[in-house]
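*Asks:* attaching a predicted model along with its sequence, questions to come.
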Amino acid sequence: MKRRDFLKSLLALSIFAPVSRLLAKTVKKTASPAGKDAKVEKRTINGITVPLLGYGTMRLPRKVKGEPAIDYAKAEKLFARAMAAGVNYFDTAYFYHRGLSEKCVGDLLTRYPRESYILADKMPVRLLKTEADIERIWKEQLARCKTEYFDFYLLHALNGRSWKTAKRLKVYEFLKARQREGKIRYLGFSFHDKPEVLDEIAKSYKWDFAQIQLNYYDWTQYKSKEQYEILTKYNIPVIVMEPLRGGVLARLNDEARAIFKRADRDRSPASWAFRYVADLPNVLCILSGMTEMEHLEENIATFSTLKPLSAREKGVISGALAAYLKKGTVPCTDCRYCLPCPVGVAIPKIFAMYNGYKLSGDFARFEQQYSALPEEERAQECVSCMACVKKCPQSIAIPEEFKRIIKETAKAKKGACGNK
Ligand code: SF4
Ligand code: SF4
């Protein structure tokens, strides 16, 4: 759906129309820092019980910004606080922190009794060339995570292409055999593609759960609604990734933040986003990558005092989203799957700079940041080879976006020079 059409459809929704009237009221505060005894809510679907808030370990605290090495001292404190609050679901993957996430999770969690935490890991299907690779990686993951078994195990990032690989190499059959041996408790997959591909995967085998990207932005923009409905139709519980869209929904822009603030001055945009997802009855667990203690504390507060959204609150979210979409940002989540670019273009960095400009209107700052980029990392170097587009889970037309950004910022620069 085009942005303009989407805005029109929002306007047509009754939950959006009365926003200005609704904003005058306030709601009871719930997102203040949690007490030390606070426990997050649990949820049970199809006999599976987990905390509704799970710990995503793709963005653990780093020793040095931009480098994969993890700050263990900080991560240890975060994990201890999470465990104390009942956030004992930890989601890792072969690729996260270039393999160091699995190792860190293994090193830090083995200090707790194995049955006291829930461990999720994933088979990197796109790395597989032969059936022998499956067993090699599986054993490597058990060793890295210092465990005998995984509670949740997923085929990672399935799409039309990797699904063909998974079928050809019989990945499901290998993992099902591990499940029968008691090495996997629940078997599922994570997914990034169109709903029709999801439908095919969902009905092909018996799955215990599936992990999809879901948040109030993607509900319509990324067809998450259709994906959620397909999984519900097949009775497959949903684990949510990117509830904040890589942090975008925690930041938003001034206008959107002001809408939330007017509705409830004590609740953060992140808390609104989590509540939106938690309201969906087939959502089993919501993963959040909590890098700072204040994020974890705030999330514990949100998930230990959850209340369903009222129609009025849904209207507030729709209003904030409409205000955000007007800004024309690129929907990049900084997952970095598109890297490395063969010619060295710093793809997510450029989108972050551009989005910062669109949200703040500060063109001088954008110019300063962009001109500090080494020439070989700039958008102008893109040769449209499309290697990145094939890997982007958000289906961003990266070279096209670069052309648009170059054109738009050149125009803005001309305007800025003319104004001097
Ligand atoms: S399309 Fe451009 S940015 Fe993407 S990988 Fe190719 S050269 Fe790099
Ligand atoms: S462009 Fe796509 S793949 Fe690259 S960081 Fe952004 S969302 Fe991830």
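*Replies:* That came through, no problem. Ligands and ions are numbered 1, 2, ... in the order given.
*Asks:* wait, does the helix or strand encompassing T220 contact ligand 2?
*Replies:* Following DSSP states H and E, one finds T220 within helix 218-221. No - Helix 218-221 stays clear of ligand 2 (CB under 6 Å from any ligand atom), getting no nearer than 12.0 Å. Backbone N, C-alpha and C define where each C-beta goes, glycine included.
*Asks:* mind giving me the packing neighbours of that helix?
*Replies:* With contacts taken as 3 or more CB pairs under 8 Å, 6 or more residues apart in numbering; DSSP states H and E, helix 218-221 sits against helix 3-12.
*Asks:* need phi/psi at the closest residue to V40 other than its chain neighbours.
*Replies:* Leaving aside its sequence neighbours, V40 sits nearest to F303 (CB to CB, 6 or more residues apart in numbering; 3.9 Å). Here is the backbone geometry of F303 (degrees, to the nearest 10): phi -80, psi -10.
*Asks:* and the stretch 251-400 of the chain, which residues reach ligand 1?
*Replies:* Counting by CB under 6 Å from any ligand atom, the residues of the stretch 251-400 of the chain near ligand 1 are 341-343, 345, 347, 382-388, 398-399.
*Asks:* 8 Å instead?
*Replies:* 338, 341-345, 347, 379, 381-389, 398-399 (CB under 8 Å from any ligand atom).
*Asks:* tell me the buried residues within the residues you listed.
*Replies:* Neighbour-count burial (16 or more other CB atoms under 10 Å) applied to these gives 338, 341, 345, 347, 379, 382, 388-389, 398-399.
*Asks:* okay, the residues you listed in TSV with secondary structure next?
*Replies:* Output for these, formatted as TSV (DSSP: H, G, I helix; E, B strand; the rest coil):
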residue	secondary structure
C338	coil
C341	coil
V345	coil
I347	helix
A379	helix
C382	coil
C388	helix
V389	helix
I398	helix
P399	helix
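*Asks:* and ligand 2, which of those residues contact it?
*Replies:* 338, 347, 388, 398.
*Asks:* show me where the stretch 301-420 of the chain has its helices.
*Replies:* 311-325, 347-360, 363-372, 387-391, 398-418 (DSSP state H, counting those that start in this stretch).
*Asks:* quick one: closest of these to V40.
*Replies:* With CB to CB, the closest approach to V40 among the helices of the stretch 301-420 of the chain belongs to helix 311-325: 20.2 Å.
*Asks:* report the two of the buried ones among the residues of the stretch 251-400 of the chain next to ligand 1 separated the most.
*Replies:* A379 and V389 (14.2 Å).
*Asks:* tell me, how many residues neighbour K233?
*Replies:* 12 (other CB atoms under 10 Å).
*Asks:* what strand or helix carries F90?
*Replies:* strand 89-91.
*Asks:* could I get the average pLDDT for that strand?
*Replies:* The average of the pLDDT scores along strand 89-91 is 98.
*Asks:* just stretch 194-210 next, same as before
*Replies:* pLDDT averaged over stretch 194-210 gives 97.
*Asks:* and it, how far out from the chain's middle?
*Replies:* 20 Å (CA atoms, centre = their mean, to the nearest Å).
*Asks:* could you find the closest non-adjacent residue to Y222?
*Replies:* Using CB to CB, 6+ apart, the closest residue to Y222 is Q213 (6.4 Å).
*Asks:* hmm, back to that, what would the buried ones among the residues of the stretch 251-400 of the chain next to ligand 1 look like in JSON lines with pLDDT and distance to F152?
*Replies:* Compiled in JSON lines, those are given as follows (pLDDT from 0 to 100; distance: CB to CB, whole Å):
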{"residue": "C338", "pLDDT": "94", "distance to F152": "27"}
{"residue": "C341", "pLDDT": "97", "distance to F152": "33"}
{"residue": "V345", "pLDDT": "97", "distance to F152": "35"}
{"residue": "I347", "pLDDT": "97", "distance to F152": "30"}
{"residue": "A379", "pLDDT": "97", "distance to F152": "39"}
{"residue": "C382", "pLDDT": "97", "distance to F152": "38"}
{"residue": "C388", "pLDDT": "95", "distance to F152": "30"}
{"residue": "V389", "pLDDT": "94", "distance to F152": "30"}
{"residue": "I398", "pLDDT": "97", "distance to F152": "32"}
{"residue": "P399", "pLDDT": "97", "distance to F152": "36"}
